[in-house]
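Peer 1: One predicted model, sequence on top.
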Amino acid sequence: ACALLLSAINLPAQNNRSLPVVPNPLHAAVSRNTVHFGNTWEVFVDPQATIDTAYLASILEEQGIRTRFTNKKNNALLILSIDKKISKNQEAYRLSVSDKKKITASAPSDNGLLYALQTLRQIISSNDHQIVLPSCTVMDEPAFPWRAFMLDESRHFHGMETVKKLLDEMAYLKMNTFHWHLVDDPGWRIEIKKYPKLTSIGSKRDFSHRDLSSGEWDEKFPGKKMFYTQDEIQEIVKYAGNRGIQVMPEIEVPGHASASIAAYPWLGASSRQQDSGIWGDLYNVTDPKVEAFLQDVLEEVIELFPSKIVHIGGDEADYTHWKNNPGIVQFMKDNHLPTFSDLQVWSINRFSNYLASKEVKMMGWNEITGDNIRGEAHIEASQTEQLAKGTIVHFWDGDISLVNKAIDKGYDVVNSNRHFTYLDYPYEVTPLEKAYSFDPIPEGLEKEKESNIVGLGCQMWGEFTPHVTRVYYQTFPRIAAFAESGW
């Protein structure tokens, strides 16, 4: 894993004028001197900071350092201070290791202090039971405010222990957004109390066993739990927050909905007609009861995630299911929606408005713009509907000009170009060097529009990762490349 990678490059600083830190700091002044410390440190934390001291102590403990917290700043060896003047960038930090055996970290925010600690832990070495650090000053801040890693747990469920380990690795790399793909065709992984069948039926499946009924699943895997309770979700969200990471859930609309439709067939455009779930079906977004269901789900979801942003999916919808439903076709005629892309944008906007009423932002894969992103002959781009303002467009596929087009229409963009950032792709397709070459700002984008690229995400899709060892193999070390690109 990445922690092993980082420890492998943690060479004695006195032999290297640059700091062995991933991602590489923006500015670092390193002297030839080294500073030697004992293995018990008194630590002062600014009362304005709200960082979790247990987590802080655990970072130092990993380096063989015992921590004693003090409220006397002058007595402290390590001082962590909130200083709003460091930078306008809220994630900036300043770290100084002085020859006088003082270590100071200052930042405008808790996240900045956490990043200073991650830099500190990477430059520590030990010698004869002493802690050795280079005398240095680091001024650092990220280039992009959105640096995300996505884990797909619908296709294969990995559980809380794995998620926490991945969050630890993200924290080491100063990545700040965990994109949690909790629902898709193969399985529903989050407890929704108003609709218990989503987990009692919809969770009892995965990509490797997608043809099993819930009864067949119980026979094959008796007692095997394949979802997170709301209490478990809250535990993970808190764990992430202590590490400076926000968690964004993804609840797919209108497609990739087979698991929920298997639980409640009346939700589906095709499944309702035969009263059983059909793989690949779409929600019947023209039905007020279906819209109410989705709003009920979102209401429970947003209570669990303080990040106040929800990914709505929106990709790869098979419009055949809408085309073959006479009621949906009639609804489109009655409401002057000329294409199925228009119907999708119309419905996505209704969810955007609902989320906005709860002060929650919406994000979605770039099909939500209504564009025919792959130029497919059987798909017509939207003609009358335009995506709601304020929505974040998550670019993953299609010509790179679509990024410019979205920005020209006023949208912020997260760049997750699949040809670079899809971690499920084999190393022959996306070697480490190619991952490192990824620039979230596409070539040719006008300078004044670069700020509309808010960052990048790398995606660990789960079709072929039934075991955590495969997740780690696909993720590491490429995730470090994307941490560099985002920083």
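Peer 2: Received, thanks.
Peer 1: per-residue pLDDT, the residue nearest to Tyr264 when sequence neighbours are not counted?
Peer 2: Leaving out its chain neighbours, the residue that sits closest to Tyr264 by C-beta to C-beta, 6 or more residues apart in numbering is Lys197, at 6.2 Å. Every residue, glycine included, has its C-beta placed from N, CA and C. We have a pLDDT of 98 for Lys197.
Peer 1: Lys197: neighbouring residues, count only.
Peer 2: For Lys197, the count of nearby residues is 15 (other C-beta atoms under 10 Å).
Peer 1: and if you look at Val413?
Peer 2: 27.
Peer 1: How many residues are close by the residue nearest to it when sequence neighbours are not counted?
Peer 2: Among residues not flanking Val413 along the chain, Val393 sits closest, at 5.0 Å (C-beta to C-beta, 6+ apart). Using other C-beta under 10 Å, the number of residues around Val393 comes to 27.
Peer 1: I'd like the numbering to begin with 166 instead of 1 from here.
Peer 2: Okay, residue one is now 166; in that scheme the one you just asked about reads as Val558.
Peer 1: Give me the three-state assignment for Val558.
Peer 2: strand (DSSP: H, G, I helix; E, B strand; the rest coil).
Peer 1: got it, and the one 10 residues further on?
Peer 2: The three-state assignment at Val568 reads helix, by three-state DSSP.
Peer 1: Isn't it up against Asn580?
Peer 2: Yes: with contact defined as C-beta atoms under 8 Å, Val568 reaches Asn580; the gap is 6.6 Å.
Peer 1: Overlap in contacts, those two.
Peer 2: Taking C-beta atoms under 8 Å, 6 or more residues apart in numbering as the criterion, Val568 and Asn580 both touch Phe560, Pro607, Ile618.
Peer 1: Okay, now the unreliable bits of this structure?
Peer 2: Scanning the chain for pLDDT under 70 picks out 166-182.
Peer 1: make it 50
Peer 2: Counting by pLDDT under 50, the chain shows low-confidence ranges at 167-181.
Peer 1: The closest residue to Trp206 other than its chain neighbours: how many residues sit nearby?
Peer 2: Spatially, and ignoring its direct neighbours in sequence, Trp206 is nearest to Leu242 (4.7 Å; C-beta to C-beta, 6+ apart). Neighbourhood size, Leu242 [other C-beta under 10 Å]: 19.
Peer 1: residues in contact with Leu242?
Peer 2: Contacts of Leu242 by C-beta under 8 Å, 6+ apart are Phe202, Trp206, Glu207, Val208, Lys266, Lys267, Ile268.
Peer 1: Then Ser373?
Peer 2: By C-beta under 8 Å, 6+ apart, the residues touching Ser373 are His321, Pro631.
Peer 1: Surely it is in a helix?
Peer 2: Yes: residue state for Ser373 (three-state DSSP) corresponds to a helix.
Peer 1: Could you check how far it is from Trp382?
Peer 2: With distances taken as C-beta to C-beta, to the nearest Å, Ser373 is found 11 Å from Trp382.
Peer 1: What of Arg643?
Peer 2: In terms of C-beta to C-beta, Arg643 sits 33 Å off from Trp382.
Peer 1: In this structure Val475 contacts Glu468, no?
Peer 2: No: if you go by C-beta under 8 Å, Val475 and Glu468 don't touch, sitting 11.5 Å apart.
Peer 1: Comparing these two, which shows the higher neighbour count?
Peer 2: Neighbours were tallied for Val475 and for Glu468 using other C-beta under 10 Å; the higher tally belongs to Val475 (23 against 12).
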